[in-house]
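Engineer: Have a look; sequence and predicted model below, questions after that.
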Amino acid sequence: MLLSELFAIPGLRGRALRPMPAVEIDRVCDNSRVVKRGDLFVAVEGMVSDGHDYLFCAYESGCRAFVVQEEKILLPEDAFVYLAEDSREALALLSAKILGNPANRLTLIGITGTKGKTTTALMLTEILCRAGIRAGYIGSNGVRYADVSLPDTKNTTPGSAELQSYLSDMAAHGGNHAGREVSSQALYLKRVFGLTFPVTVFTNLAPDHIGGAEHPTFEHYKACKRSLFFDYGTETVVYNADDPHAPDMLPPGVPAVSVSMAGRGDYTASAVRFEKRDGYLGTGADCSLAGKDRSLSLRLPGRFNVSNALTAIAAAKALGVDEDVSLAALASVTVKGRFECVPLADDRYFVIDFAHNGLALRSVLAALKEYGPRRLICLFGSVGGRTRGRRRDLGDAAAEACDLAILTADDPDFEPPEEIIADILPSFEGSACAVVSIPDRREAIRWAAERSRPGDVVLLAGKGHEDYQLVRGKRLPFSEREILLSCKDLLSAAPVN
């Protein structure tokens, strides 16, 4: 695409610092490590590093066209430089333009909230596909559309250049709908700037992602979430009426559909049942779906998954899918790493979940207690180098709810697992919960399987869908599901004492 054509975008704010040459641009890029001749490099100030520090690296790689946000840039005279008022906005708009604005060929559904985004988005995608709609998914469990399945993305919502590439490929594969997790960081950092979400979903809101390189305050976090519903062209909002922050997420004059576990919504559930079968923990409920009385059955544990299911059904209805089609699709849905049961035996239950902070772990453990386990066992650690504040909360959650805690590594990176465990251990002083420390996570999982007994529920918390472990800066292959399945021969048939 000609450089002049690329920059002919309504709403692009800025000015060229040098005459615009008549050159072709092949790609818009914000990563100096992969930029090459024919690319347009957009310098973005990040939370950790600043793209302006890598302009000359991009130049040395052959790049001759640049977008910057700082005027005092002394690039050689043969480089074209555009000064943007906001280089993040420019990156989003230019990335879309060079790929033909792929989002215009898709119906985007944006799902945000502190918890439940991944499960709700994957449930919705499964419903749409079962209804014959060519739907894809983008979120923390990866990217899926047509026959394409990519591993988990670095961010819940990818950066705008990467995101536009996924949307373009999705549309090229015949996709027409995309269910997307939209994180608060994505809204804060304008990764979805310029997109339109006709249907938006609010799951819940609780204090999280506050401090450090994330949000300065809860109010800022909430305002970022709120912007999805007010600034991105929504035509229908599906929301959790049980959350006290829900009224703040409803723009005036926009149709809103309510979901409630307390009987005060358009889509409600009652008489929730907690079921055990074939190594799975499941749920059932009597539902009222926009006036239709129906029964819901899930192969996912937890009362909150009933709420997630109602939300997915309501969102699907907003897209024209009948509730009975949704119920049939949800009967067999499982979600990788989100309350995922790994069936090793019929008489005990192993669950993998991404819960990696105190709030999430408390919620998961409370849900598992409703199944009446003989023993509730939790295996967990905490990420190295950047989650010291979470460690005591994680330990307190396990100490209060569990019969046995197994402390181990999560993604230790450059911090010794033993030091992380030492930060968690004080939570168990005076607790009735027994605790053991096994720094090697693979060894810890095998230890848990070998010592499991009939009636136990064993939770592996923190890693969830991830298929790697971060150790000293390297992602090493690590699948908790595969490790668990290799432990079948270790299960003991000894009775519980």
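Structural biologist: Looks like it came in fine. Note that the structure is predicted; figures quoted are calculated from it, not measured.
Engineer: helices or strands up against the lowest-mean-pLDDT helix or strand in the chain?
Structural biologist: Here the helix or strand of the chain ranked lowest by mean pLDDT, DSSP states H and E is strand 148-150, holding a mean of 83. Judged by 3 or more CB pairs under 8 Å, 6 or more residues apart in numbering; DSSP states H and E, strand 148-150 is in contact with strand 142-145. C-beta here means a position set from N, CA and C on the backbone, and glycine is covered the same way.
Engineer: what about 10 Å?
Structural biologist: The contact analysis (3 or more CB pairs under 10 Å, 6 or more residues apart in numbering; DSSP states H and E) places strand 148-150 against strand 135-139, strand 142-145, helix 160-172.
Engineer: In a strand, I352, correct?
Structural biologist: Yes: counting by DSSP: H, G, I helix; E, B strand; the rest coil, I352 is part of a strand.
Engineer: Neighbours of it, how many?
Structural biologist: 26 (other CB atoms under 10 Å).
Engineer: and if you look at S479?
Structural biologist: Other residues within reach of S479, judged by other CB under 10 Å, total 16.
Engineer: swap in L124?
Structural biologist: 32.
Engineer: Quick check: it touching G116?
Structural biologist: No: taking CB atoms under 10 Å as the definition, L124 is not a contact partner of G116, at 11.4 Å.
Engineer: what touches both of these two?
Structural biologist: 201, 308, 311-312 (CB atoms under 10 Å, 6 or more residues apart in numbering).
Engineer: residue ranges with poor pLDDT in the chain?
Structural biologist: For the chain, the stretches with pLDDT under 70 are 47, 151-157, 208-213, 215, 492-497.
Engineer: where do the helices sit along it?
Structural biologist: 3-6, 55-60, 87-98, 117-130, 160-172, 184-188, 218-231, 303-318, 323-330, 358-369, 388-401, 417-424, 441-450, 480-485 (DSSP state H).
Engineer: Could you check the angle the fifth one makes with helix 87-98?
Structural biologist: It refers to helix 160-172. Relative orientation of helix 160-172 versus helix 87-98 (axes from the mean of the first three to the mean of the last three CA atoms, to 10 degrees): 20 degrees.
Engineer: quick one: helix 160-172 to chain centroid distance?
Structural biologist: Helix 160-172 has its C-alpha centroid displaced from the chain centroid by 18 Å (CA atoms, centre = their mean, to the nearest Å).
Engineer: circling back: quick check: which of the helices and strands packed on strand 148-150 is nearest to A269?
Structural biologist: Proximity to A269 (CB to CB) singles out strand 135-139 among those, at 24.0 Å.
Engineer: Relative to that closest one, what are the paired strands and their orientations?
Structural biologist: Sheet pairing here is set by DSSP bridges, and for strand 135-139 it gives strand 142-145 (antiparallel), strand 177-181 (parallel).
Engineer: right, so these: which one is the most enclosed?
Structural biologist: Burial of the strands paired with strand 135-139 is given as mean neighbour count (mean count of other CB atoms under 10 Å); strand 177-181 ranks first at a mean of 27.
Engineer: Would you mind putting the helices of the chain into JSON lines with distance to K36 alongside?
Structural biologist: Shown next, in JSON lines, are the helices of the chain (distance: least, CB to CB, whole Å):
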{"stretch": "helix 3-6", "distance to K36": "16"}
{"stretch": "helix 55-60", "distance to K36": "9"}
{"stretch": "helix 87-98", "distance to K36": "15"}
{"stretch": "helix 117-130", "distance to K36": "34"}
{"stretch": "helix 160-172", "distance to K36": "14"}
{"stretch": "helix 184-188", "distance to K36": "27"}
{"stretch": "helix 218-231", "distance to K36": "34"}
{"stretch": "helix 303-318", "distance to K36": "41"}
{"stretch": "helix 323-330", "distance to K36": "44"}
{"stretch": "helix 358-369", "distance to K36": "41"}
{"stretch": "helix 388-401", "distance to K36": "40"}
{"stretch": "helix 417-424", "distance to K36": "40"}
{"stretch": "helix 441-450", "distance to K36": "39"}
{"stretch": "helix 480-485", "distance to K36": "37"}
